[in-house]
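# Give me a model of this one.
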Amino acid sequence: MAAMTVNEDLIQAILAMNCFIMLLSHFSFLAMAQKDTFSRIPLMTTCIAATAYLGMALGVMVVDVNGKKIYCLRYIDWFFTTPLILLDLALMRGADMKSTILLIVFDELMLIFGLASALSPPSAGRWPLFMLSILAFVLVIVKLIYNMNKAGEERGGDAEGKFKFVAARTMEIWCAYPVLFALCECTSTISVELEIAGYAITDVMAKCGIPMMVLVWSI
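As a prediction, the model looks like this:
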């Protein structure tokens with residue numbers, strides 16, 4: 001069977017466009033920024049994401065695994081930005097340090113197993129590592145649901161409704177990532193162009209949309 005042709009120009013255009021969107025969001029957050037943690041976290045998140053997308057567009061840290069391109073900068077980006085998003089939610093809820101650290105540890109384990117799965121050949125543990133990543137992801141979701149319910153008990157009123165809305169949207173968006181991973185890194189079911197576009201759209205919603213909601217409601 002003939003190898004599938006990859007449109008490298010389209011891929012670079014999507015990556016560059018996402019870099020621009022992240023920068024645009026960064027400067028939007030900067031214009032809204034106040035001297036508090038709620039303002040600093042979205043700035044860091046979008047700055048890291050913009051840098052990662054610029055690097056991916058330039059072909060930095062792209063490795064070949066059995067003919068499949070793995071963008072390692074994508075995982076490095078997630079390694080820093082997803083804990084920042086979770087920290088943003090924790091601060092919005094007023095969570096204690098122990099609860100926040102536990103949530104971030106589950107998140108980092110999910111990413112470590114995910115990267116290990118992506119870099120592993122199909123015959124060398126890709127699916128078992130993916131399952132471990134999913135297990136850690138489920139723990140993140142369960143912990144978020146627990147935090148949502150606890151927020152209702154402790155805070156109540158408008159603050160409870162805001163936190164539950166943002167936490168629910170975060171879980172919904174993040175659920176797209178394991179689906180994309182299974183279709184892309186694990187099985188190569190969809191084309192590389194759709195993979196890049198799928199991750200790009202999800203990243204914009206997660207790293208621009210969620211912090212924007214937190215920042216607007218904290219002003």
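# rest of the way, CA atoms for contacts and neighbours
OK.
# All the helices of this protein, in order from the start?
Assigned by DSSP state H, the chain shows helices spanning 8-32, 37-57, 72-93, 97-119, 126-154, 157-174, 176-181, 192-204, 210-218.
# Serialize these to TSV and add fields for distance to residue 64 and mean pLDDT.
TSV is the format used below for those (distance: least, Cα to Cα, whole Å; pLDDT from 0 to 100):
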stretch	distance to residue 64	mean pLDDT
helix 8-32	15	94
helix 37-57	14	91
helix 72-93	10	91
helix 97-119	9	93
helix 126-154	15	84
helix 157-174	26	82
helix 176-181	16	96
helix 192-204	13	96
helix 210-218	32	79
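# Including mean neighbour count, could those go into TSV?
Shown next, in TSV, are the helices of the chain (neighbours: other Cα atoms under 10 Å):
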stretch	mean neighbour count
helix 8-32	18
helix 37-57	22
helix 72-93	20
helix 97-119	19
helix 126-154	18
helix 157-174	17
helix 176-181	15
helix 192-204	17
helix 210-218	18
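# what's the closest of those to residue 66?
helix 97-119 (9.3 Å; Cα to Cα).
# mind exporting that closest one as PDB, just the C-alpha atoms?
What follows is helix 97-119, C-alpha atoms only, in PDB (Å, rounded to 0.1, in the frame of the first residue of the first chain):
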ATOM      1  CA  MET A  97      -2.100  22.800  49.200                       C
ATOM      2  CA  LYS A  98      -2.300  19.000  49.800                       C
ATOM      3  CA  SER A  99      -5.300  18.700  47.500                       C
ATOM      4  CA  THR A 100      -3.700  20.800  44.800                       C
ATOM      5  CA  ILE A 101      -0.400  18.900  44.900                       C
ATOM      6  CA  LEU A 102      -2.200  15.600  44.700                       C
ATOM      7  CA  LEU A 103      -4.100  16.700  41.600                       C
ATOM      8  CA  ILE A 104      -0.900  18.000  39.900                       C
ATOM      9  CA  VAL A 105       0.900  14.700  40.700                       C
ATOM     10  CA  PHE A 106      -1.900  12.700  39.000                       C
ATOM     11  CA  ASP A 107      -1.700  15.100  36.100                       C
ATOM     12  CA  GLU A 108       2.100  14.700  35.700                       C
ATOM     13  CA  LEU A 109       1.900  10.900  35.900                       C
ATOM     14  CA  MET A 110      -0.700  11.000  33.100                       C
ATOM     15  CA  LEU A 111       1.700  13.000  30.900                       C
ATOM     16  CA  ILE A 112       4.700  10.900  31.700                       C
ATOM     17  CA  PHE A 113       2.900   7.600  30.800                       C
ATOM     18  CA  GLY A 114       1.400   9.300  27.700                       C
ATOM     19  CA  LEU A 115       4.800  10.400  26.400                       C
ATOM     20  CA  ALA A 116       6.300   7.000  27.100                       C
ATOM     21  CA  SER A 117       3.400   5.400  25.200                       C
ATOM     22  CA  ALA A 118       3.900   7.700  22.200                       C
ATOM     23  CA  LEU A 119       7.600   6.900  22.100                       C
END
